[in-house]
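1. sequence first, then the predicted structure, then my questions.
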Amino acid sequence: MLELGFVRENLSLVRQKLQERGAPDLLEDFETLDHERRKSLVEAENRKARRNKVSDEIASLKKQKQDASTLIAEMKQLGAEIARFDEEAKAQDEKLREILARIPNMLHESVPVGTSAADNQEVRRWGEPCKFDFEPKPHWDLGPDLGILDFDRAAKITGARFAIYSGLGAKLERALANFMLDLHTQQHGYTEIFPPFIVNSATLYGTGQLPKFAEDLFKLEGTDYWLIPTAEVPVTNLYRDETLDAERFPLKYCAWTACFRSEAGSYGKDTRGLIRQHQFQKVELVKFALPEQSYDELESMTRDAGEVLERLGLPYRVVALSTGDMGFSSAKTYDLEVWLPSSNGYREISSCSNCEAFQARRANIRVRRGKGKAEFVHTLNGSGVAVGRTWLAILENYQQADGSVVIPEALRPYMNGDTCITPIAR
RNA sequence: GGAGGGAUGGGUGAGUGGUUGAAACCGGCGGUCUUGAAAACCGUUAGCCCCACAAGGGCUCGGGGGUUCGAAUCCCUCUCCCUCCGCCA
């Protein structure tokens, strides 16, 4: 969320930034509403000042056992007026907050200007896409052929966009999660968190999923509970409504969780395979940084995520998202895209964002240095990385002519020494 | 699921409907004393909003609503925590 005062003082800048994102102008009524709210506020507060004063007078009259009925009659009248102006101010305040809550973050000046993902800028590449001397299979054929992935039974048990991993497939999923967690906790200094997969509305509001994106989420009927779309939500909200000590900064956390997304509005997209599921696993990185640290921390977080793919020998590239492709809460985002033979191209496997103070303002997460005044922290989050997509990237990139899949070296300790997945009888 | 008890400033914890935005203690900060430190003593120590040159004003005692001229205090409701019972991985 942006600060009310900031929007008031930078109205044209905010509008320009909205335009760069391709977002609609949400600020048409802002100025009048803001003005009227303050007018009602002053009217109410002047009367409250009077009320406070007269209340003291009434108290002292009563103490001296004198009659206060004239004053009390005046106060009755005043009370009604106060209630009216309070109500007015509250309604205007709510409208204003509603507007503010739906305004996306201001974009960092380094974000490439564009209208869609096509304008994203490649920053760097790692690795060479492998050349096959046979026709490579997509993972949605490879997995079922190997007997480690089953879409049909998942559809029976639940529905479309779910999958069942079995045997070495299930083990590979687990191995990947452990490999990633170990890398980040042991080599990169992140503290592991295992949070709830279910959160309340206030938490989702804090990271920016609510109020605007409710339709992307699964809600538990009859409750205020929602399934998390990413571990960013519970982990960033760890410190909601808290003031932290600057000494320990930056704070770095990683978490493995299942993620749940309704994928409303993506009908027909990526309907085959594991790319777009309602439930998937992800190792998430979250940082709380001082404002002057946050862009360096974004770079190192992006490298930390990239190292996962490098150790697994998966070719990838890093792109800076353009203004037209940016998420709601982010000021700057790098996507990591892994090479997928089935797409003959790069597909998103991680997204690393600096949200600056946008989430911290919503979630009221502050930091105090020394005796200074508390200020809002900068929050960052990035996938480190999406486990399900890594799973399919390994299948596709490490497939052999005979239909088997070689396990990357770095993963073998996590697979009890298994070096290869070969077709099994079902 | 049932029955009780709680929620007050950075912490512990008082608080009879009317100078209680809030005692006291601890902690923090500043000072006196001291070569320095400790101890002792003195002082100080919430946030947000409106207006703004300044002065000033308003709100906040878990959240929301109500009663009242006036609510930390009375009523309703929600959330969370604790104890006991039931159920349970």
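-> Nice, thanks for sending it over. Residues are numbered from 1 along each chain as shown, chains lettered A, B, ... in the order given.
2. how about the residues of chain A by RNA strand B?
-> Neighbours of RNA strand B within chain A, by Cβ under 7 Å from any atom of the strand: A:4-5, A:38, A:41-42, A:44-46, A:48-49, A:51-56, A:58-59, A:62, A:72, A:75-76, A:78-79, A:90, A:371, A:373-374. Heads up, the C-betas are built off the backbone N, CA and C, glycines and all.
3. so where's chain A shaky on pLDDT?
-> Scanning chain A for pLDDT under 70 picks out A:370-372, A:425-426.
4. ok, residue A:338 to residue A:399 distance?
-> Computed with Cβ to Cβ, to the nearest Å, the distance linking residue A:338 and residue A:399 is 15 Å.
5. which residue sits closest to the most centrally placed residue in chain A, ignoring its sequence neighbours?
-> Centroid-nearest residue in chain A, with Cα atoms, centre = their mean: residue A:232, separated by 5.1 Å. Using Cβ to Cβ, 6 or more residues apart in numbering and skipping residues adjacent in sequence, the residue nearest residue A:232 is residue A:381, 4.1 Å away.
6. show me what stretch A:9-24 is in contact with.
-> Outside stretch A:9-24, the residues within contact range by Cβ atoms under 8 Å, 6 or more residues apart in numbering are A:2, A:6-7, A:25-27, A:30-31, A:103-104, A:106-107, A:113, A:115, A:323-324, A:326.
7. give me that answer again for 6 Å
-> Residues from elsewhere that reach stretch A:9-24 (Cβ atoms under 6 Å, 6 or more residues apart in numbering): A:7, A:27, A:106, A:107, A:115, A:323, A:324.
8. what's the PyMOL line that selects buried ones from those residues?
-> In PyMOL, this line selects whichever of the contacts of stretch A:9-24 come out buried by 16 or more other Cβ atoms under 10 Å:
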select buried, chain A and resi 7+27+106+107+323+324
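9. how about the strands of the stretch 251-400 of chain A, start to end?
-> A:251-260, A:279-289, A:316-320, A:332-340, A:345-354, A:365-368, A:375-376, A:378-386 (DSSP state E, counting those that start in this stretch).
10. tabulate these in CSV, adding columns for mean neighbour count.
-> Shown next, in CSV, are these (neighbours: other Cβ atoms under 10 Å):
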stretch, mean neighbour count
strand A:251-260, 21
strand A:279-289, 25
strand A:316-320, 21
strand A:332-340, 25
strand A:345-354, 22
strand A:365-368, 20
strand A:375-376, 18
strand A:378-386, 29
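11. export those as JSON lines, with columns for distance to residue A:301.
-> JSON lines is the format used below for those (distance: least, Cβ to Cβ, whole Å):
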{"stretch": "strand A:251-260", "distance to residue A:301": "8"}
{"stretch": "strand A:279-289", "distance to residue A:301": "6"}
{"stretch": "strand A:316-320", "distance to residue A:301": "12"}
{"stretch": "strand A:332-340", "distance to residue A:301": "9"}
{"stretch": "strand A:345-354", "distance to residue A:301": "5"}
{"stretch": "strand A:365-368", "distance to residue A:301": "18"}
{"stretch": "strand A:375-376", "distance to residue A:301": "19"}
{"stretch": "strand A:378-386", "distance to residue A:301": "5"}
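12. which among those strands is found nearest to residue A:141?
-> Minimum separation from residue A:141 across the strands of the stretch 251-400 of chain A (Cβ to Cβ) falls at strand A:332-340, 13.5 Å.
13. show me what the closest one pairs with in its sheet, parallel or antiparallel.
-> The pairing partners recorded for strand A:332-340 under DSSP bridges are strand A:316-320 (antiparallel), strand A:345-354 (antiparallel).
14. so where do the helices sit in the stretch 1-150 of chain A?
-> Using DSSP state H, counting those that start in this stretch, the helices of the stretch 1-150 of chain A run over residues A:4-9, A:11-21, A:30-63, A:69-101, A:139-146.
15. what's the most buried one of these?
-> helix A:139-146 (a mean of 21; mean count of other Cβ atoms under 10 Å).
16. helices and strands around that one, which ones?
-> helix A:387-397 (3 or more Cβ pairs under 6 Å, 6 or more residues apart in numbering; DSSP states H and E).
17. cutoff 10 Å now
-> Contacts defined by 3 or more Cβ pairs under 10 Å, 6 or more residues apart in numbering; DSSP states H and E place helix A:139-146 against strand A:149-150, helix A:151-157, helix A:168-182, helix A:387-397, strand A:405-406, strand A:420-421.
18. possible to save the ones you listed as a markdown table with distance to residue A:248 and mean neighbour count?
-> Output for the helices and strands packed on helix A:139-146, formatted as a markdown table (distance: least, Cβ to Cβ, whole Å; neighbours: other Cβ atoms under 10 Å):
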| stretch | distance to residue A:248 | mean neighbour count |
| --- | --- | --- |
| strand A:149-150 | 43 | 22 |
| helix A:151-157 | 43 | 13 |
| helix A:168-182 | 21 | 20 |
| helix A:387-397 | 29 | 25 |
| strand A:405-406 | 42 | 20 |
| strand A:420-421 | 43 | 20 |
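19. next, format those as a markdown table and append distance to residue A:17.
-> Listed next are these as a markdown table, based on distance: least, Cβ to Cβ, whole Å:
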| stretch | distance to residue A:17 |
| --- | --- |
| strand A:149-150 | 43 |
| helix A:151-157 | 42 |
| helix A:168-182 | 34 |
| helix A:387-397 | 31 |
| strand A:405-406 | 46 |
| strand A:420-421 | 48 |
